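> no letters, just coordinates:
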């Protein structure tokens, strides 16, 4: 990838991994289990997390300075999503992906 | 559309209209003209504007409170894109779409 | 919008309208009602429909001939989604948006 | 990732890698070089390739059978993009990412 630092490459990878984990967990795990897993607040947070991760990766790939703002928002939503997934339970892979992504995005937002 | 106020519906419409205008102008106008129209800074700003408009619409359609942050960022990028398109010239439709979107997103971000 | 016929402009509008309706219905209606509305097959179809509509609009805005293939797939998924929403009930706005989009995409795919 | 075979996981990875390579090359390489690199046909093909890769990954993550159709289209566009990048020259990373993605998507489309 052109003109992209190794720190940014890592952040793009974490964003795409978290996007993939949140979307596939929502569709292949939460919908199957139902109950609190399809509670509107939880499920919408999962979808918002998937989307902001997808967008933050996109901004870094475009190579625009505005990635700092999408990364800041991404870190915030990922932190919330990790906490909510921990509260719901049985979602450790999602918790981990969100935490790694948040940490990485916080560095890029600075 | 469910549970969406008329102000928010309008903002979704402005975001999707600005996304469509920025993307189609970049692809069908800027690439044809070349020169300053494909200058990296200008072209990347057009692509970032299209993406944040697409994302802000998505957040409002999800119905998450985080739309306030994507709308704030959307307003900022749209303002910059409008100014840059005005500077480049021959891009009035894009200038207008960006200004309408910025105004609408500022209200939703408040 | 540059170099885009009025038929194609109409199809882009129908795709974006169907995307908006499917996503906001899934998030603001299906998640609230639960039961058959969050059945995995139905809900995943809604999400696939939203995504292919978003993508088909994107391809037409790029101005690539490949939009014929995404429009063909979009028409097929919209037909299925309309039928499934009719079967589930209480989703007439989604049924209508899917049918209008399918009709419009079939023309563009020809 | 839930309910996703290792073949499909690999295909998701290839799609996201090809999306990232096409988008970052277009923005960080083609726009810098200009000339044939920003020729409308070439540049629009790069953008269409990035988008269909993003969408095919999304369909597999949703877990819908329709991924077969998006993967078939993805393979076709990736093949064309690889050929075009080879013709233009100085884009070997993009050629390689497109070929790997096409191969992987052909398997998933079968």
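Yep, it's here. All values reported here derive from a predicted model rather than from experimental measurement.

> please make it C-alpha for all contacts and neighbour counts, starting now.
OK.

> so which bits of chain A are right by chain C?
A:27, A:31-32, A:34, A:38-40, A:44 (CA under 8 Å from any CA of the partner chain).

> if you set the cut-off to 6 Å instead, what comes out?
With the criterion set to CA under 6 Å from any CA of the partner chain, chain A comes near chain C through A:31, A:40.

> how near is residue A:38 to residue C:88?
Going from residue A:38 to residue C:88 by CA to CA, to the nearest Å gives 18 Å.

> actually, residue A:96.
Counting by CA to CA, the gap from residue A:96 to residue C:88 is 36 Å.

> repeat for residue A:47
23 Å.

> of the two, who's got more company?
Residue environment comparison for residue A:47 versus residue C:88 gives the larger neighbour count to residue A:47, 21 against 12, counting by other CA atoms under 10 Å in any protein chain shown.

> name the SS class of that one, please.
helix (DSSP: H, G, I helix; E, B strand; the rest coil).

> show me where chain A has its helices.
All helices of chain A, identified by DSSP state H, fall at A:6-25, A:31-33, A:40-62, A:67-88, A:92-109.

> which residues of chain A lie near chain D?
Near chain D, when you scan chain A using CA under 6 Å from any CA, you find A:1-2, A:21, A:24, A:27-28, A:61-62.

> min pLDDT across those, which one?
Ranked by pLDDT, the residues of chain A next to chain D bottom out at residue A:2 (70).

> quick check, it in contact with residue D:26.
No: the pair formed by residue A:2 and residue D:26 falls short of the contact definition of CA atoms under 6 Å, at 9.2 Å.

> same drill for those two, tell me which one is more crowded.
Looking at residue A:2 and residue D:26 with other CA under 10 Å, you find the greater number of neighbours at residue D:26, namely 26 against 15.

> residue A:15: neighbour count?
There are 33 residues near residue A:15, going by other CA under 10 Å.

> for the helices of chain A, which one sits closest to residue D:108?
Shortest separation from residue D:108 across the helices of chain A is recorded for helix A:6-25, at 17.2 Å, computed as CA to CA.

> for the closest one, packing partners?
Here helix A:6-25 touches helix A:40-62, helix A:92-109, going by 3 or more CA pairs under 6 Å, 6 or more residues apart in numbering or on different chains; DSSP states H and E.

> packing partners for the first one?
Using 3+ CA pairs under 6 Å, 6+ apart as the contact test, the elements touching helix A:40-62 are helix A:6-25, helix A:67-88.

> now the angle from it to helix A:6-25?
Angle between the axes of helix A:40-62 and helix A:6-25 is 150 degrees (criterion: axes from the mean of the first three to the mean of the last three CA atoms, to 10 degrees).

> residues contacting helix A:40-62, please?
With contacts defined as CA atoms under 6 Å, 6 or more residues apart in numbering or on different chains, helix A:40-62 is touched by A:12, A:15, A:19, A:22-23, A:67, A:70-71, A:74, A:77, C:31, D:24, D:27.

> ok, now the shortest one?
Residues outside helix A:92-109 that contact it (CA under 6 Å, 6+ apart): A:11, A:14-15, A:18, A:21, A:68, A:71-72, A:75, A:78, A:82.

> re earlier: same list, the helices and strands packed on helix A:40-62, but as a markdown table with distance to residue B:6 please.
Shown next, in a markdown table, are the helices and strands packed on helix A:40-62 (distance: least, CA to CA, whole Å):
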| stretch | distance to residue B:6 |
| --- | --- |
| helix A:6-25 | 29 |
| helix A:67-88 | 26 |
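
> for the residue nearest to residue A:12 when sequence neighbours are not counted, give its distance to residue D:54.
Distances taken as CA to CA, 6 or more residues apart in numbering or on different chains put residue A:57 closest to residue A:12, at 4.9 Å, once the chain neighbours are dropped. The gap separating residue A:57 from residue D:54 is 11 Å, by CA to CA.

> same deal with residue A:87?
Note on residue A:87: its distance to residue D:54, by CA to CA, is 31 Å.

> more neighbours: which of the two?
residue D:54 (21 against 11).

> got a pLDDT number for the more buried one?
In this model, residue D:54 is scored at 98, pLDDT.

> may I see the buried residues of stretch A:35-54?
Counting neighbours by 16 or more other CA atoms under 10 Å in any protein chain shown, one finds that the buried residues in stretch A:35-54 are A:37-38, A:40-54.

> how far away from the center of its chain is it?
Between the centre of stretch A:35-54 and the centre of its host chain there is 10 Å, according to CA atoms, centre = their mean, to the nearest Å.

> ditto for stretch A:98-110
Averaging C-alpha positions (CA atoms, centre = their mean) puts stretch A:98-110 9 Å from its chain's average.

> what pLDDT, on average, does that stretch get?
Throughout stretch A:98-110, pLDDT has a mean value of 97.

> in it, what's buried?
By neighbour count with 16+ other CA under 10 Å, stretch A:98-110 contains the buried residues A:98-106, A:108-109.

> repeat that for stretch A:80-89.
By neighbour count, with 16+ other CA under 10 Å as the criterion, the buried positions of stretch A:80-89 are A:80-82, A:84-85.

> what lies in contact with it?
The contact list for stretch A:80-89 (CA under 6 Å, 6+ apart) reads A:91, A:95, A:98.

> out of the residues you listed, flag the one nearest to residue D:6.
Taking the contacts of stretch A:80-89 together and measuring to residue D:6 by CA to CA, the closest member is residue A:91, at 20.0 Å.
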